[in-house]
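[1] structure here, sequence nowhere to be found:
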C-alpha cells in the first residue's frame, strides 16, 4: 500500500469523523447540524479546517471546572418571594420562569430602576444619553465606600473610558476594593495601554477574561472568538448598572464611520443588584482564583423601595445547556398580547426566534422592530436583510435607524414588561458569548424604555411592506446565500 493511498485513506477517515462530530455534538440546533455537514461534505478540506476553528464552543475543561466550582462556592443571592411572584402579571409569568431557570434566581421586588439619559432629549441628539450614563456611573464610583466591580466587553482609552479609569483609581486610593474585568479581545487595546497599568498601579485588581482559549500548538481551536460580552457595574453591593453600553465614548473611535453608538443603560437599586453581583463574581472567581463568593450576601442588606418594581437578572454563556437566551427572547415575545417593540443591532435569529417575531402580528400584536440602517458587520447586515421578506409578509413593522449604530438591545411588551441587557438577537449572543440581561415588570420603567424606543422610531425610516420583493435578484441572492450560513456564524 503506497503512501498516497494511506494519506487519502487517513483524510477520508478524518473527513467522516469530523462530519460525525458535527452531527453528534450536543446542544446544537438541527439547522446548525445540517449546515455544518453540508459544508464539510461539499468542501472537505475547507470544511474540516473551518469546523476545527469555528465548529465547537469549548472554552476549555479547566475553565468550565473553575466556573462550576465558583458557582458551587457562592450562596444564592435571593430566596423565593411570594410578593414578587404576585407582582408579576400572569401573562408574563412564563418569561420570569424561563429567566429564573437560567441561574436559579427568583424574581425580586422593591427595585428602583432608572433609564439613564435625558427624557426630553431631541431624537436628533442621541449621544447625550450615553454621556449622562457615564457621568452617573462616575458619580456613584466617587461615592463608593466598600467595593467597585466593573465588567465591560469593550473599554476604550478615550474620553469616557479615561474618566471611568480615573474614578476607579481614585476610589482604590481611598481604600475601596476595586475589581475591573474586561474581555481580552474586545478590550485588547485597553489592556495594552497605559490605562491598564494605571489601574494596577493604583491597587485595582484586574482581569482580562478568555485570554487563554484552548489551543492545538499555536493554533486556537474550539471557536477562538468566544467572548465575555457582558456590561456589568456593581457598587457597594447596592447599586448596579445593566444595559448595552460599553465603557467608551458614543463616538466610538475604533469604528468611527458607524458612530455614534446609540445605547441604553439602567441604574438599579434593590435586591436585584445581588443577582448581578453573583453573575460578576462567578466569572471573577473562575478567572482570578480569588475566593470572594461571600460578597454576594455581605451587609448592608439591599434597600427595598416601596414603589419599586419586580426584576430578575440572568447571565448566559457557552457553558449553559440548551439555548436559554433564545428561550428567554422567544418566551418574552410570545408573552406580548397587544404591543411589542424590539431594538437590536445584530439580527441573526435562530428558527424559533424568527418564528416568534413573525407570529406576533399574526396573533394580533402590533410588532415593531428597529435595526441600524448601516451595520458594522457586512455579514450580519446581509443576514438581517435576508429575514425582511418573512418579517414584512407576517405584518411586522420593520424600521431602519439612520443616525448611527443603534446598539440598544431592548424589548418592551404591553407597557408592563421589558427586557434589556447585553445580548443581541444573533447566534453569538444566543450561543457563544457570556451575556447578562434584566427582565423587569414595572409599568413606569417599561414606559421609560418604550420612550427611548419611540425616540429611535421617530427618526427611523419604515421599510415598505413590498421592499424585499422589489430588491434586484442579485441582492436577494447574496443576502439569502449569506443568510444560509447563519447557523455557522
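    Received the coordinates, thanks. Computed from a prediction, not measured in an experiment: that's the story for all the values here.
[2] in the chain, which residue is closest to the centre?
    Note on the chain: the residue nearest the mean C-alpha position is residue 423, at 2.2 Å, using Cα atoms, centre = their mean.
[3] next one, pLDDT for residue 21 please.
    Among the per-residue scores, residue 21 holds a pLDDT of 75.
[4] any idea how far it is from residue 290?
    Look at residue 21 and residue 290: by Cβ to Cβ, to the nearest Å, they are 36 Å apart. The C-beta positions use only the backbone N, C-alpha and C, and glycine is treated the same way.
[5] cool, residue 33 as well?
    40 Å.
[6] more neighbours, these two?
    Neighbours were counted for residue 33 and for residue 290 using other Cβ atoms under 10 Å; residue 33 has more, 16 against 12.
[7] where's that one, which helix or strand?
    Residue 33 belongs to helix 30-42 when assigned by DSSP states H and E.
[8] on that earlier part again, how about the contacts made by the residue nearest to the centre of the chain?
    By Cβ atoms under 8 Å, 6 or more residues apart in numbering, the contact list for residue 423 reads 229, 316, 325, 329, 409, 429, 430, 433, 435, 436, 437.
[9] helices of the stretch 301-450 of the chain, start to end?
    Assigned by DSSP state H, counting those that start in this stretch, the stretch 301-450 of the chain shows helices spanning 324-335, 351-362, 378-385, 388-394, 427, 443-459.
[10] whoops, I mixed them up, the stretch 51-200 of the chain
    Listed in chain order, the helices of the stretch 51-200 of the chain (DSSP H, counting those that start in this stretch) span 61-73, 82-87, 93-103, 127-143, 159-173, 188-191, 194-201.
[11] what mean pLDDT does the strand or helix carrying residue 280 get?
    Of the helices and strands defined by DSSP H and E, residue 280 is found in helix 272-288. For helix 272-288, mean pLDDT rounds to 95.
[12] quick one, that helix and helix 61-73 angle?
    Between helix 272-288 and helix 61-73, the angle comes out at 140 degrees (axes from the mean of the first three to the mean of the last three Cα atoms, to 10 degrees).
[13] ok, and the closest non-adjacent residue to residue 106?
    Ranked by Cβ to Cβ, 6 or more residues apart in numbering and with sequence neighbours excluded, the top spatial neighbour of residue 106 is residue 80, at 4.7 Å.
[14] and that neighbour, how many neighbours does it have?
    Applying other Cβ under 10 Å, I find that residue 80 has 11 neighbouring residues.
[15] re the thing from before, narrow the contacts of residue 423 to those that are buried.
    Buried members of the contacts of residue 423, scored by 16 or more other Cβ atoms under 10 Å, are 229, 316, 325, 329, 409, 429, 430, 433, 435, 436, 437.
[16] how near is the residue nearest to residue 63 when sequence neighbours are not counted to residue 250?
    Leaving out its chain neighbours, the residue that sits closest to residue 63 by Cβ to Cβ, 6+ apart is residue 286, at 6.5 Å. Counting by Cβ to Cβ, the separation of residue 286 from residue 250 is 32 Å.
[17] mind listing what residue 64 touches?
    With contact set as Cβ under 8 Å, 6+ apart, residue 64 has these partners: residue 319.
[18] how does the chain divide into domains?
    Split into domains by automatic domain parsing, the chain comes to 3-54, 61-89+106-309, 324-488.
[19] who wins for proximity to residue 98 among those domains?
    When those are compared by Cβ to Cβ, domain 324-488 sits nearest residue 98, at 4.6 Å.
[20] let me see the mean pLDDT of that closest one.
    Mean pLDDT, domain 324-488: 92.
[21] for residue 97, which of the domains of the chain is the nearest?
    domain 324-488 (7.8 Å).
[22] the closest one: how far from the chain's middle?
    Remark: domain 324-488 is offset 14 Å from the chain centroid, using Cα atoms, centre = their mean, to the nearest Å.
[23] what secondary structure does residue 267 sit in?
    With DSSP: H, G, I helix; E, B strand; the rest coil as the basis, residue 267 sits in strand.
[24] contact partners for the residue nearest to it when sequence neighbours are not counted?
    Spatially, and ignoring its direct neighbours in sequence, residue 267 is nearest to residue 114 (4.6 Å; Cβ to Cβ, 6+ apart). Applying Cβ under 8 Å, 6+ apart to residue 114 gives the contacts 266, 267, 268, 445, 448.
[25] nearest to residue 309 among those?
    Checking the contacts of residue 114 against residue 309 with Cβ to Cβ, the nearest one is residue 445 at 5.7 Å.
[26] so that closest one sits right up against residue 417, yeah?
    No: the pair residue 445 / residue 417 is not scored as a contact, 10.2 Å apart, by Cβ atoms under 8 Å.
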